[in-house]
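[1] Here is the input, now give the coordinates:
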Amino acid sequence: MGLAGAGSTLPSERPGAQPCVAGTVIVFHRGVLEAQLGADTFAHVLGQLDPDERREIADALPVSWVLHSTFDGLYRAVALVTGRDAIEVYTENVRHGVEHRVRRLWRILLRLSDVQALAARSKMIYEKSYSAGRMIVETVGGGRALIRVTEWPGIPELAMVGVSIGTETLLGLAGVKKAVVVAEKQPDGAVFRVTWDE
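    Reported below is the predicted structural model:
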């Protein structure tokens, strides 16, 4: 699920070919990282990227699409410069992004107690955030759900973390207790096993 960022303007067309991340996600993470690290350190992070990647991150607009490999590179550069684990930093920022997006833009979600409705919304958010793959919610109920991302062989770890942490955070904000997502790569993408207390 593309719950990794925040913004009110979403790209209208998903690009083909290489997997991309929506500009709204990039703009959100760029702003959060600059605020966390300070302008000078963030500039040093950008300096670790090759010129094309640096331009792609710096010039991203909410209506843009940015290569997922560039997004991965941004967080690898953060890890290199700060000495922190890239996934740990990304996880914190995904949680913050979901909370920001839901509380400011999609407050209606906080009133949804039906996990099926939340799952349907998750699919829409995913499609607005990632150009690759297709999210399928296979089963919901009894404190369990199975979410699959298909048509994305070799899905990057960052995308899997985005779906996992985004789902956990969304469910938690909606009052679902102790939501846990366990992700596992599959030949055609990934499967996410979701459990919670009823």
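
[2] Output the contacting helices and strands for the lowest-mean-pLDDT helix or strand in the chain.
    The weakest-scoring helix or strand in the chain, judged by mean pLDDT, DSSP states H and E, is helix 115-129 (a mean of 80). Judged by 3 or more Cβ pairs under 8 Å, 6 or more residues apart in numbering; DSSP states H and E, the packing partners of helix 115-129 are strand 20-22, helix 23-37, strand 134-141, strand 144-150, helix 157-173. Any C-beta I mention is one placed from the backbone N, CA and C, and that applies to glycine too.

[3] Could you check the angle it makes with strand 144-150?
    20 degrees (axes from the mean of the first three to the mean of the last three Cα atoms, to 10 degrees).

[4] Show me what counts as buried in the longest helix belonging to the chain.
    Ranked by number of residues, the top helix in the chain under DSSP state H is helix 86-104. Neighbour counts over helix 86-104 (16 or more other Cβ atoms under 10 Å) mark 86, 89-91, 93-99, 101-102 as buried.

[5] One more: stretch 139-158?
    Result for stretch 139-158 [16+ other Cβ under 10 Å]: buried residues 140, 145, 147-150, 152, 155, 158.

[6] Tell me which other helices or strands the strand or helix carrying R54 touches.
    Using DSSP states H and E, R54 sits within helix 51-58. The elements that helix 51-58 packs onto, with contact taken as 3+ Cβ pairs under 8 Å, 6+ apart, are helix 23-37, helix 39-47, strand 65-67, helix 68-82.
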